[in-house]
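Peer 1: Prediction below, plus the sequence it came from.
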Amino acid sequence: MRRHYAALIASLVLGGCATPSQDLVVLLPDKEGKVGTVVVQGQKGKAVLNTAYATARTTTDGGVQRGTASQSEVKDVFSSALAAQPPRPVSFTLYFESGNDEFTEQSKQEVKGLFAEVARRQAPDITVIGHTDLVGPDPSNDALSLQRAERVKSILAGMGIPAERILTAGRGRREPLFPTADGVSEPRNRRVEINVR
(Lines give C-alpha, C1' and ligand atoms only; values in the text may rest on other atoms or scores of the structure.)
Protein backbone atom coordinates (compact mmCIF):
# COMPACT_ATOMS: atom_id res chain seq x y z
CA MET A 1 0.00 0.00 0.00
CA ARG A 2 2.98 2.39 0.39
CA ARG A 3 3.76 2.53 -3.31
CA HIS A 4 0.44 1.56 -4.85
CA TYR A 5 -3.10 2.39 -3.98
CA ALA A 6 -4.94 -0.90 -3.68
CA ALA A 7 -8.32 0.66 -4.38
CA LEU A 8 -10.18 3.83 -5.08
CA ILE A 9 -13.42 4.40 -3.23
CA ALA A 10 -16.00 6.65 -4.73
CA SER A 11 -19.16 7.72 -2.96
CA LEU A 12 -22.12 9.77 -4.03
CA VAL A 13 -24.83 11.21 -1.83
CA LEU A 14 -28.22 10.70 -3.40
CA GLY A 15 -31.56 12.13 -2.38
CA GLY A 16 -32.82 15.48 -1.14
CA CYS A 17 -32.48 17.30 2.15
CA ALA A 18 -35.94 16.28 3.36
CA THR A 19 -35.15 12.55 3.45
CA PRO A 20 -32.26 10.63 4.97
CA SER A 21 -29.37 10.41 2.53
CA GLN A 22 -28.45 7.31 0.61
CA ASP A 23 -24.76 6.75 -0.04
CA LEU A 24 -23.31 4.63 -2.81
CA VAL A 25 -19.81 3.25 -2.36
CA VAL A 26 -18.02 1.46 -5.21
CA LEU A 27 -14.70 -0.36 -4.83
CA LEU A 28 -12.56 0.21 -7.92
CA PRO A 29 -9.47 -1.81 -8.89
CA ASP A 30 -6.05 -0.27 -9.37
CA LYS A 31 -4.21 -0.43 -12.71
CA GLU A 32 -3.14 -4.02 -12.01
CA GLY A 33 -6.70 -5.06 -11.15
CA LYS A 34 -6.04 -5.35 -7.41
CA VAL A 35 -8.43 -4.17 -4.72
CA GLY A 36 -8.36 -3.79 -0.97
CA THR A 37 -11.26 -4.29 1.42
CA VAL A 38 -13.79 -1.72 2.57
CA VAL A 39 -16.47 -2.17 5.21
CA VAL A 40 -19.55 0.02 4.83
CA GLN A 41 -21.44 0.25 8.13
CA GLY A 42 -25.02 1.47 8.46
CA GLN A 43 -27.23 1.71 11.55
CA LYS A 44 -28.85 -1.62 10.71
CA GLY A 45 -26.22 -3.53 8.81
CA LYS A 46 -22.93 -3.60 7.02
CA ALA A 47 -21.37 -4.80 3.78
CA VAL A 48 -17.82 -5.97 3.13
CA LEU A 49 -16.53 -4.95 -0.29
CA ASN A 50 -13.48 -6.91 -1.47
CA THR A 51 -14.00 -7.47 -5.20
CA ALA A 52 -13.69 -5.08 -8.11
CA TYR A 53 -16.82 -3.00 -8.69
CA ALA A 54 -18.56 -4.29 -5.57
CA THR A 55 -21.07 -1.74 -4.29
CA ALA A 56 -22.78 -0.88 -1.05
CA ARG A 57 -25.78 1.43 -0.93
CA THR A 58 -27.19 2.67 2.36
CA THR A 59 -30.97 2.64 2.63
CA THR A 60 -33.24 5.23 4.21
CA ASP A 61 -33.90 2.91 7.15
CA GLY A 62 -30.18 2.52 8.00
CA GLY A 63 -29.57 -0.76 6.19
CA VAL A 64 -26.87 -1.52 3.65
CA GLN A 65 -27.51 -3.24 0.32
CA ARG A 66 -24.60 -4.98 -1.38
CA GLY A 67 -24.38 -5.24 -5.15
CA THR A 68 -22.12 -4.95 -8.16
CA ALA A 69 -21.72 -2.18 -10.73
CA SER A 70 -20.43 -2.44 -14.28
CA GLN A 71 -17.54 -0.34 -15.54
CA SER A 72 -19.93 1.63 -17.73
CA GLU A 73 -22.25 2.34 -14.77
CA VAL A 74 -19.29 3.62 -12.73
CA LYS A 75 -18.26 5.90 -15.61
CA ASP A 76 -21.82 7.22 -15.95
CA VAL A 77 -22.35 7.91 -12.26
CA PHE A 78 -18.85 9.05 -11.29
CA SER A 79 -17.50 10.54 -14.52
CA SER A 80 -16.88 14.01 -13.06
CA ALA A 81 -15.24 12.63 -9.90
CA LEU A 82 -13.03 10.26 -11.92
CA ALA A 83 -12.00 13.07 -14.26
CA ALA A 84 -11.04 15.28 -11.31
CA GLN A 85 -8.66 12.77 -9.74
CA PRO A 86 -5.02 13.78 -9.54
CA PRO A 87 -2.54 11.43 -11.20
CA ARG A 88 -1.54 8.49 -9.02
CA PRO A 89 1.84 8.65 -7.27
CA VAL A 90 4.72 7.17 -9.26
CA SER A 91 8.02 5.87 -7.90
CA PHE A 92 11.44 5.78 -9.54
CA THR A 93 14.75 4.32 -8.40
CA LEU A 94 18.00 5.67 -9.80
CA TYR A 95 21.36 4.02 -9.18
CA PHE A 96 24.83 5.50 -8.73
CA GLU A 97 28.43 4.63 -9.35
CA SER A 98 30.45 3.68 -6.28
CA GLY A 99 31.55 6.47 -3.95
CA ASN A 100 30.04 9.43 -5.83
CA ASP A 101 26.84 11.04 -7.13
CA GLU A 102 27.25 9.96 -10.78
CA PHE A 103 24.34 8.00 -12.25
CA THR A 104 24.95 4.57 -13.70
CA GLU A 105 24.54 4.37 -17.49
CA GLN A 106 21.17 2.62 -17.12
CA SER A 107 19.90 5.25 -14.67
CA LYS A 108 20.84 8.03 -17.08
CA GLN A 109 18.14 6.58 -19.35
CA GLU A 110 15.67 6.26 -16.45
CA VAL A 111 16.07 9.97 -15.70
CA LYS A 112 14.22 10.70 -18.95
CA GLY A 113 11.15 8.84 -17.65
CA LEU A 114 11.33 10.78 -14.40
CA PHE A 115 11.46 14.07 -16.31
CA ALA A 116 8.47 13.08 -18.45
CA GLU A 117 6.41 12.16 -15.38
CA VAL A 118 7.25 15.37 -13.55
CA ALA A 119 6.53 17.48 -16.65
CA ARG A 120 3.01 16.08 -17.04
CA ARG A 121 1.96 17.12 -13.52
CA GLN A 122 0.80 20.66 -12.78
CA ALA A 123 2.18 20.96 -9.25
CA PRO A 124 4.14 17.85 -8.32
CA ASP A 125 5.28 17.08 -4.81
CA ILE A 126 8.49 15.08 -4.92
CA THR A 127 10.35 13.14 -2.25
CA VAL A 128 13.94 12.06 -2.92
CA ILE A 129 15.63 9.68 -0.46
CA GLY A 130 19.33 8.87 -0.95
CA HIS A 131 21.04 5.61 0.07
CA THR A 132 24.51 4.05 -0.03
CA ASP A 133 25.94 0.55 0.12
CA LEU A 134 27.72 -0.79 3.21
CA VAL A 135 31.22 0.33 2.23
CA GLY A 136 32.71 3.03 4.45
CA PRO A 137 31.84 4.66 7.77
CA ASP A 138 28.43 6.07 8.67
CA PRO A 139 29.38 9.79 8.57
CA SER A 140 30.70 9.65 5.00
CA ASN A 141 27.78 7.48 3.84
CA ASP A 142 25.30 9.87 5.44
CA ALA A 143 26.88 12.77 3.56
CA LEU A 144 27.04 10.82 0.27
CA SER A 145 23.40 9.68 0.45
CA LEU A 146 22.25 13.26 1.01
CA GLN A 147 24.56 14.46 -1.79
CA ARG A 148 22.87 11.98 -4.15
CA ALA A 149 19.40 13.17 -3.15
CA GLU A 150 20.44 16.82 -3.51
CA ARG A 151 21.85 16.10 -6.99
CA VAL A 152 18.44 14.84 -8.11
CA LYS A 153 16.77 17.85 -6.48
CA SER A 154 19.12 20.19 -8.34
CA ILE A 155 18.27 18.55 -11.67
CA LEU A 156 14.53 18.80 -10.96
CA ALA A 157 14.84 22.41 -9.85
CA GLY A 158 16.64 23.08 -13.13
CA MET A 159 13.47 21.87 -14.88
CA GLY A 160 11.53 24.60 -13.12
CA ILE A 161 10.16 22.62 -10.15
CA PRO A 162 10.13 24.93 -7.13
CA ALA A 163 12.70 23.73 -4.59
CA GLU A 164 10.12 23.87 -1.78
CA ARG A 165 8.12 21.14 -3.58
CA ILE A 166 11.10 18.74 -3.42
CA LEU A 167 11.84 17.06 -0.08
CA THR A 168 15.25 15.39 0.24
CA ALA A 169 16.79 13.13 2.86
CA GLY A 170 19.79 10.83 3.14
CA ARG A 171 19.57 7.46 4.89
CA GLY A 172 23.22 6.53 4.46
CA ARG A 173 23.80 2.81 4.78
CA ARG A 174 20.94 2.21 7.24
CA GLU A 175 18.29 0.90 4.82
CA PRO A 176 19.96 -1.41 2.30
CA LEU A 177 17.62 -2.78 -0.32
CA PHE A 178 19.81 -5.91 -0.50
CA PRO A 179 21.40 -6.67 2.90
CA THR A 180 25.08 -7.59 2.66
CA ALA A 181 27.99 -8.01 5.00
CA ASP A 182 29.71 -4.83 6.13
CA GLY A 183 32.13 -3.51 3.54
CA VAL A 184 30.46 -5.24 0.56
CA SER A 185 29.95 -3.05 -2.50
CA GLU A 186 26.37 -3.73 -3.66
CA PRO A 187 25.32 -1.61 -6.69
CA ARG A 188 21.60 -2.01 -5.96
CA ASN A 189 22.00 -0.28 -2.59
CA ARG A 190 23.62 2.84 -4.12
CA ARG A 191 20.36 4.53 -5.07
CA VAL A 192 17.86 7.31 -4.68
CA GLU A 193 14.18 6.52 -4.33
CA ILE A 194 11.96 9.17 -5.84
CA ASN A 195 8.23 9.46 -5.22
CA VAL A 196 6.29 11.86 -7.44
CA ARG A 197 2.78 12.85 -6.29
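Peer 2: Received, thanks. Residues are numbered from 1 along each chain as shown.
Peer 1: how about the nearest residue to the residue nearest the centre of the chain, chain neighbours excluded?
Peer 2: Closest residue to the average C-alpha location of the chain: Pro89 at 3.6 Å, with Cα atoms, centre = their mean. The spatially closest residue to Pro89, leaving aside those adjacent along the chain, is Arg197, at 4.5 Å (Cβ to Cβ, 6 or more residues apart in numbering). Backbone N, C-alpha and C define where each C-beta goes, glycine included.
Peer 1: Run through the residues that contact that neighbour.
Peer 2: Residues in contact with Arg197, defined by Cβ atoms under 8 Å, 6 or more residues apart in numbering, are 86, 89, 124-127.
Peer 1: wait, isn't His22 in contact with Asp61?
Peer 2: I think there's a mix-up here, since residue 22 is Gln and not His. No. At 10.4 Å, Gln22 does not count as touching Asp61 under the criterion of Cβ atoms under 8 Å.
Peer 1: So if I had to pick from these two, which one is more boxed in?
Peer 2: Set Gln22 next to Asp61 and count neighbours by other Cβ atoms under 10 Å: Gln22 wins out with 14 against 10.
Peer 1: how much space is there between that one and Gly136?
Peer 2: Between Gln22 and Gly136 the distance is 62 Å, computed by Cβ to Cβ, to the nearest Å.
Peer 1: What of Ser154?
Peer 2: Taken as Cβ to Cβ, the spacing of Ser154 relative to Gly136 amounts to 23 Å.
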